[in-house]
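K.L.:
For reference, the sequence and a predicted model appear below.
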Amino acid sequence: MIIGTQTILTALEQRLVKTVASLRNRENRLKKVTDRKLSAEDSIELDVQGFGGELAFCKTFNLYPDFTIGARKTGEDKGDVSWSGLYLDVKATRKEDGFLLITPWKKAAQVDGFALMTGDFPIYVYRGMIEADEALQPWWLKDLGRGDTYAVPQTKLKETI
């Protein structure tokens, strides 16, 4: 897939994203999972943006998305999608030139890599992938106002890993 490919979610896909995001958010709050969002935005809006990015990535690469609703423990999270035998965590940001942001508690052993989609629900653009070992390096840690997070610039992303 070529970096810069745009994917637009259909009306049905948009309803699906909103439903899954709402159910995941509710399940996490019921299970008392700490909301560790890095943004001041509403958590359901962030879940819609995030799962929208995941679904757009899957649509772009012709993959089946993870529709799991149940809360995941940090150490058990194997990412969002299996692609060519690799587990990827798909990240989404509204900023066209935004960084690939990864929470500092992620471990390279949990996933094989990360993918970035930019855009605003329901339109996303594929920006690339990076191996987990390369992304989770101390030089990428930055304090964006809510504590350290890995912030990998798009220039470091590749078409595939």
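P.N.:
Good, I have the coordinates.

K.L.:
Just the strands from this structure, written as ranges.
P.N.:
For the chain, the strands defined by DSSP state E cover 6-8, 81-83, 86-93, 100-102, 113-120, 123-131, 141-143, 148-152.

K.L.:
closest to residue 160 out of those strands?
P.N.:
Each of the strands of the chain has some distance to residue 160 by CB to CB; the shortest is strand 123-131, at 6.0 Å. Where you see a C-beta, it was placed from the backbone N, CA and C, and this is true even at glycine.

K.L.:
tell me how far that closest one is from the chain's mean position?
P.N.:
Counting by CA atoms, centre = their mean, to the nearest Å, strand 123-131 is centred 10 Å from the centre of its parent chain.

K.L.:
Tell me which residue lies farthest from the centre of the chain.
P.N.:
The outermost residue of the chain, judged against the average C-alpha position, is residue 30 (22.1 Å), by CA atoms, centre = their mean.

K.L.:
quick one: low-confidence ranges for this protein?
P.N.:
For the chain, the stretches flagged by pLDDT under 70 are 1, 31-42, 71-77, 108-109.
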